[in-house]
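J.: my questions concern the predicted model and sequence given below.
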Amino acid sequence: MYLSKYFLPALKEAPREAEIISHQLMLRAGMIKQQSVGIYSWLPLGLKVMRKVENIIREEQNRAGAVELLMPSLQSADLWHESKRYDDYGKEMIRIYDRYGREILLGPTNEEMVTDIFRSYVHSYKDLPLNLYHMQWKFRDEVRPRFGVMRGREFRMKDAYSFDFDEASSRTSYYRMFTSYLRIFDRLGIKTIPIRAHTGPIGGDLSHEFLICADTGESKIFCDKDYLSLLVPGAEVDYSDDLLMADIFNQWNQLYARTHDLHDEALWSQLNPKNQLNIKGIEVGHIFHFGTKYSKPMGAEVMGPDGKKRPVFMGSYGIGTSRLVAALIEACHDKKGIIWPESVAPFDLALINLRVGDKGIDATCSDLYTKLLNAGFDLFYDDIDRHAGEKFALADLIGLPWQMIIGPRLFSNDEAEIKNRSTGEREILSLEAALNKLFTLKKGESFVI
Ligand code: ATP
Ligand code: MG
């Protein structure tokens, strides 16, 4: 992408209302624009990151056997009357009337609708287990929308829903999603701790929150330090192995990990003080096992091998994908700007031309651009004629993993500078060696997601 042809409305200063660093950086890097309280446009750079995040989630949910569909964001209130949640949900639900005076609402979550889809088509235990998910805008009229997209009134969520014939297999479905979440956050390149949680208005008997470790998080975490070194299952993990799923779940639930609301001082004090880790976190995911809470009142039943009908067992599994983008920035930044994990960086590399207008340098940059593009790089080419300091500041601000800098001094020796954004390491190499280094990185561990 040539910067001169892109739309990147970066700001020198963050507007004063932005309190936390991710909000400031998202505004400065031209990723989002506020349209009204808690409601944002996603500008091209922000959208690109959110798409990358969602694609990783999609790949991992598919790998775990979930199937994607798309439900609407406008929902009829009738379904919510059936589950009795229409009145319970309170002011967070945005309620409207259509031209015929019928009650409709902007979906804050989709348990009712997915249960309706299920009951319309699935009637036999032979078609189970089933897991359906979608990625969709959600609406909650939060009392205090704040911190940019961290707590919005319109936000993106990936929500999955599992359906099983009995309690035991329903728990295995929960373990499967739990394992998939471990893999998702690992691929996103951040430490996330799963913590037993209250089930809240969704209901049920088993629930975990997934929290990203970040100093600005709203939740206090008390956990055993050994959590940070637990092994995340690899891509080859066999999701059809029920015992393995239970094993992984148990391994990740042996150590002490609580948020402040469930914290138990007596249990905590039994932990070796060296292992007591007291940190802050941001909730990015929340999963629930709630059995027949929705299927019973809504009549979502399946026929068992004995010919008897029973309500299906369910769970739901959310990840706030728009919040996740902000949370990643909270966990990965420095004074100069964002430092994207490679798996979600909006571009792989910033190619920086320090002397736009110089025929030789312009031609070389175009040539490098084509070669890198052909090698599979997603490139950001700063081809705008302005001061070098501004170019470096922009490249650091938007946090691409690598920079390749072509300036007049090095160019006269056929050389370029390569900079790694996260370590700050710089290296001067011949143009050919610089290209080879980048090609090797692409083939090797880095850049591979
Ligand atoms: P919170 O406790 O932060 O209010 P929640 O428990 O109400 O969140 P869930 O119903 O569990 O949220 O939704 C699943 C995920 O959706 C959350 O883990 C979070 O990542 C995201 N999420 C929830 N509310 C918002 C919001 N207002 N803005 C952005 N993301 C949100
Ligand atoms: Mg929650």
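T.: Right, received. Where do you want to start? This is a predicted model, so every value here is computed, not measured. Numbering: from 1, shown residues only. Ligands and ions are numbered 1, 2, ... in the order given.

J.: what's next to stretch 102-115, contact-wise?
T.: 71-80, 82-83, 85-86, 89, 92-98, 132, 134, 136, 138-140, 157, 159, 161, 202, 294-295, 298, 300, 314, 316, 318 (CB atoms under 8 Å, 6 or more residues apart in numbering). Every C-beta, even on glycine, is put in place using the N, C-alpha and C of the backbone.

J.: list of residues touching stretch 38-52?
T.: For stretch 38-52, contacts defined as CB under 8 Å, 6+ apart pick out 6-9, 26, 29-35, 142, 145-146, 148-149, 151-154, 156, 321-322, 325, 328, 340, 343-347, 398.

J.: drop anything exposed from those.
T.: Taking 16 or more other CB atoms under 10 Å as the criterion, what is buried in the contacts of stretch 38-52 is 6, 8, 26, 29-32, 34, 145-146, 148-149, 151-154, 156, 321-322, 325, 328, 340, 343-347, 398.

J.: rewinding a little: in strands, which of the contacts of stretch 102-115 fall?
T.: 74-76, 94-97, 132, 134, 136, 138-139, 157, 159, 161, 314, 316, 318 (DSSP state E).

J.: list only buried entries from those residues.
T.: Buried subset of those (neighbour count, 16+ other CB under 10 Å): 75-76, 132, 134, 136, 138-139, 157, 159, 161, 314, 316, 318.

J.: these also near ligand 1: which ones?
T.: Among these, the ones lying near ligand 1 by CB under 6 Å from any ligand atom are 157, 318.

J.: ok, so of the buried ones among the ones in strands among the contacts of stretch 102-115, who is nearest Lys225?
T.: Distance to Lys225 across those (CB to CB) is lowest for Gly318, with 27.7 Å.

J.: who does that closest one form a beta bridge with?
T.: Beta bridges link Gly318 to Asp159, His286 when assigned by DSSP bridges.

J.: correct me, but it touches Met157?
T.: Yes - contact criterion CB atoms under 8 Å: Gly318 and Met157 qualify, at 5.4 Å.

J.: residue numbers of this structure in contact with ligand 1?
T.: 140, 142, 151-152, 155, 157, 283-286, 318, 320, 322-323.

J.: would you point out the most distant pair within those?
T.: Top of the distance list for the residues of the chain next to ligand 1 (CB to CB): Glu142 and Gly285, 18.1 Å.

J.: OK, now which residue of this protein is nearest to ligand 1?
T.: Gly320 (2.4 Å; CB to the nearest ligand atom).

J.: and the pLDDT at that residue?
T.: You'll see Gly320 listed with a pLDDT of 98.

J.: and it, what is it in contact with?
T.: Contacts of Gly320 (CB under 8 Å, 6+ apart): 155-157, 283-285.

J.: tabulate the residues you listed (TSV), appending pLDDT.
T.: Converted to TSV, the contacts of Gly320 look like this (pLDDT from 0 to 100):
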residue	pLDDT
Phe155	98
Arg156	98
Met157	98
Glu283	96
Val284	97
Gly285	97
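
J.: closest one of the residues you listed to Glu59?
T.: Nearest member of those to Glu59, counting by CB to CB, is Gly285, at 16.0 Å.

J.: that closest one and Cys365: what is the separation?
T.: Separation of Gly285 from Cys365 (CB to CB, to the nearest Å): 41 Å.

J.: ditto for Glu283
T.: 43 Å.

J.: swap in Val49?
T.: 25 Å.

J.: please apply the same query to Asn420.
T.: Taking CB to CB, one finds Asn420 at 20 Å from Cys365.

J.: neighbour count for the two, which is higher?
T.: Cys365 (25 against 15; other CB atoms under 10 Å).

J.: how about the closest residue to the more buried one other than its chain neighbours, what does it touch?
T.: Spatial nearest neighbour of Cys365, chain neighbours left out: Asn353 (4.6 Å); criterion: CB to CB, 6 or more residues apart in numbering. Contacts for Asn353 (CB under 8 Å, 6+ apart) come out as 361-362, 365, 381-383, 406.

J.: quick one, what contacts the residue nearest to Leu128 when sequence neighbours are not counted?
T.: Sequence neighbours aside, Phe165 is the residue nearest to Leu128 in space, at 4.9 Å (criterion: CB to CB, 6+ apart). Contact analysis of Phe165 by CB under 8 Å, 6+ apart lists 125, 128-129, 302, 304, 310, 312-313.

J.: now do the strands in the stretch 251-400 of the chain.
T.: For the stretch 251-400 of the chain, the strands defined by DSSP state E, counting those that start in this stretch occupy 257-259, 276-291, 301-303, 309-311, 313-320, 333-334, 337-338, 349-353, 379-382.

J.: buried residues, the third one. List them.
T.: Of the residues in strand 301-303, those buried under the neighbour-count criterion (16+ other CB under 10 Å) are 301-302.

J.: now that strand, how far from the chain's geometric center?
T.: 35 Å (CA atoms, centre = their mean, to the nearest Å).

J.: before we move on, what about the second one?
T.: When C-alpha coordinates are averaged (CA atoms, centre = their mean), strand 276-291 and its chain have centres 14 Å apart.

J.: helices or strands up against it?
T.: Here strand 276-291 touches helix 167-187, strand 192-196, strand 206-213, strand 219-224, strand 313-320, helix 321-331, going by 3 or more CB pairs under 8 Å, 6 or more residues apart in numbering; DSSP states H and E.

J.: what sits up against the shortest one?
T.: Pointing back at strand 192-196 there. By CB under 8 Å, 6+ apart, strand 192-196 touches 178, 181-182, 185, 207-213, 221, 223, 227, 252-253, 257-259, 262, 281, 284-285.

J.: tell me which residues in that strand are buried?
T.: By 16+ other CB under 10 Å, the buried positions in strand 192-196 come out as 192-195.

J.: also the longest one?
T.: Within helix 167-187, the residues that qualify as buried by neighbour count (16+ other CB under 10 Å) are 169-187.
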